[in-house]
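> Structure for this input, please:
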Amino acid sequence: MHPDLISLGFLHVKTYGAFMALGFLAAWQVIAYLCRRTGRNPESLSNLLMLMMGSGVLGARLAYVIEHWEAEFARNPALVVRVDQGGLMFYGGLILAIAVFVIWCRAKKEGLVRMADLFATVIPLGHAFGRVGCFFYGCCYGRLSDCACAVSFPRGSPAWYEQVNAGKLASDAASALPVLPTQLFEAASVLGLFGVLFLVYRRFWDRLPGLVTGCYFVGYACIRFGIEVLRGDPRAEVGPFSISQTISLGLLLAGGAFIMVAFRRGKL
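Okay, here's the model as predicted:
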């Protein structure tokens, strides 16, 4: 856990925020590269990217605050605005960013499906950077574990507070009990998903519109559903599943529909 990347007098740079910025920058570079290969001017998409960045962070923060209100914010509501310290629910950001994306495409009369394929390709790349930022902050941690890859976050970390409040840890403990680094598991998984989507987009972007979007939905739904099983932080529940698992099931169905339509209407 290393929440402060730079702390020199008046200059404070949070590691979480820095990795978010790196993720957006990396995603933009890949978008620009793919646009050049397909004959599109990437500069025409800069405003859309900024809108999606802002709406994504806002939606992710709102969803996280709602899900973790009692555990983290009820006693100190001022922390709600401290996005730089971590605490974003990816699905909340994805939903709001998609809404903004659809509105923008309709207003600009852009091809919705082809644009969706382009952005779906790079979302996992930015997401991977964000999850590494989660690891450095200590949020989104996994279940208690004694396996070789388990990590112990220091005193004052989200895992430490939760374990103390649950009576699993003494309040004078220097570190939390070992937990699975689910942040890194997810970062590695979505980075692999990005590699697959990148190859699929380069080969089929003009022949099977919607295929990349469908593959992203299916791939991430499967990743997130599995990661949720390993998570140890407080999770909102919908019946037998966490709220993120429930959304994953819906995303899986939507992704399957995109793939079916892509093959029916596309040209191989």
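> Report how many residues lie close to the nearest residue to Ile227 once chain neighbours are set aside.
Residue nearest to Ile227 in three dimensions, not counting chain neighbours: Glu186, with 5.0 Å by Cβ to Cβ, 6 or more residues apart in numbering. The way it works is simple: take the backbone N, C-alpha and C, and place the C-beta from them, glycine included. When neighbours are defined as other Cβ atoms under 10 Å, Glu186 has 28 of them.
> quick one: Glu186 and Ile259, what's the gap?
23 Å (Cβ to Cβ, to the nearest Å).
> rewinding a little: do I have it right that the residue nearest to Ile227 meets Gly226?
No: under the criterion of Cβ atoms under 8 Å, Glu186 is not in contact with Gly226, lying 9.3 Å apart.
> Averaged pLDDT, the strand or helix carrying His127. What do you get?
In the assignment (DSSP states H and E), His127 maps to helix 112-137. Mean per-residue pLDDT for helix 112-137: 93.
> So which elements touch that helix?
Under the contact criterion of 3 or more Cβ pairs under 8 Å, 6 or more residues apart in numbering; DSSP states H and E, helix 112-137 touches helix 15-38, helix 90-108, helix 182-204, helix 211-230.
> Tabulate the ones you listed (CSV), appending mean pLDDT and distance to Asn165.
Compiled in CSV, the helices and strands packed on helix 112-137 are given as follows (pLDDT from 0 to 100; distance: least, Cβ to Cβ, whole Å):
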stretch, mean pLDDT, distance to Asn165
helix 15-38, 90, 22
helix 90-108, 90, 24
helix 182-204, 97, 20
helix 211-230, 97, 21
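> Out of these, the one nearest Asp117 is which?
Closest to Asp117 of these is helix 211-230 (Cβ to Cβ; 4.0 Å).
> Report the buried residues of that closest one.
Across helix 211-230, burial judged by 16 or more other Cβ atoms under 10 Å covers 211-225, 227-228, 230.
> quick one: that helix to helix 182-204, angle?
170 degrees (axes from the mean of the first three to the mean of the last three Cα atoms, to 10 degrees).
> Could you pull up the contacting residues of Gly255?
Counting by Cβ atoms under 8 Å, 6 or more residues apart in numbering, Gly255 makes contact with 213-219, 221.
> tell me which element it is part of?
Using DSSP H and E, the element containing Gly255 is helix 243-265.
> Tell me how far that helix lies from the chain's centre.
18 Å (Cα atoms, centre = their mean, to the nearest Å).
> the inter-axis angle of that helix versus helix 90-108?
Going by the same axes, to 10 degrees, helix 243-265 makes 40 degrees with helix 90-108.
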